[in-house]
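# Provided below are the primary sequence and the corresponding predicted coordinates.
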Amino acid sequence: MGAVITASEPSWIAPYSGLSPKQFGKLITMLRRQGPPLVRRGRPWSLPLEDRVLLVAAYWRTNLTLRQLAPLFGISKSAAGRIVSQLGPLLALRLRSRFRRDTVLIVDGTLVPTRDHSVAEQSKNYRYSTNHQVVIDADSRLVVSVGRPVPGNRNDCKAWELSGAKSSVGNTIVIADGGYRGTGLIIPHRREPGQSELPAWKEAHNTSHRKVRARVEHTFARMKTWKILRDCRLKGDGVYHAMLGIAQLHNLALTR
């Protein structure tokens, strides 16, 4: 089979990875520095590293089935599956564990419809989904942490702690929406029982809070241009690896 899509032709990179050729080159350099995990025993890969990375990014970006995607790279469906399984975890975002004292973070949860019902539950969108807690830097808008997926019927208060997102940020200041009440995060002011409206200064705070917190919603919108986050067919940890990998691609896409 002859390949149709290849990273050696720069015009294929942007539409199938969401990155510019320069950003894609940075990703390849980062992977090469990791060394040994890229090497496997037995017969060598039929595709060079650049094409294998582009295949994984294209799988996440288009959400085509492996049966549809493999011929575009000139390989078999089983070979494409092995590439996704091997490279997906290696593309994962390295989560930050230390933050500057003046860092402000924003957290929110997003639902990813997931075919594997062993890790998902029916949620408010009436589909089997997983809840992913995503934390971004309020200044740079880069993703700094992604919690492990929890069933989609868990509310954000529970998911914040169960997913490990809470422990990953330590004592850093974190902004959240009203769904995180009782977690100690900075959330909007609410009317007390019997109170018809908020004082003007609280309304002003809430307006400012909404404008800043909207940045995490914009992050979700950008991340979900990788269409696998709209209907994930991967099993087990596959959805988590995809989320971390897409966070990595999203961060690279924001760099110049």
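Good, I have the coordinates.
# residues touching G147, list them.
Shown in contact with G147 (CB atoms under 8 Å, 6 or more residues apart in numbering): H132, Q133, V134, V135, A159, W160, L162, S163, G164, A165, S168. Yep, even glycine has a C-beta here, placed from its N, CA and C like the rest.
# need the pLDDT of the nearest residue to R127 once chain neighbours are set aside.
Leaving out its chain neighbours, the residue that sits closest to R127 by CB to CB, 6 or more residues apart in numbering is P113, at 4.6 Å. Predicted confidence (pLDDT) for P113: 95.
# same thing with the one 5 residues further on?
Looking at S118, its pLDDT reads 91.
# I'd assumed V112 was in contact with L229.
Yes - using CB atoms under 8 Å, L229 makes contact with V112 at a distance of 5.2 Å.
# joint contacts of those two?
Common neighbours of L229 and V112, using CB under 8 Å, 6+ apart, are M243.
# nearest to A247, of the contacts of G147?
When these are ranked by distance to A247 (CB to CB), V134 comes first, at 7.4 Å.
# count the neighbours of that closest one for me.
With neighbours defined by other CB atoms under 10 Å, the count for V134 comes to 23.
# can you tell me the SS state at it?
Under the three-state scheme (DSSP: H, G, I helix; E, B strand; the rest coil), V134 adopts strand.
# quick one, what contacts the closest residue to it other than its chain neighbours?
Leaving aside its sequence neighbours, V134 sits nearest to V146 (CB to CB, 6+ apart; 5.5 Å). Taking CB under 8 Å, 6+ apart, we find V146 in contact with L93, L95, H132, Q133, V134, V135, A165, Y240, M243, L244, A247.
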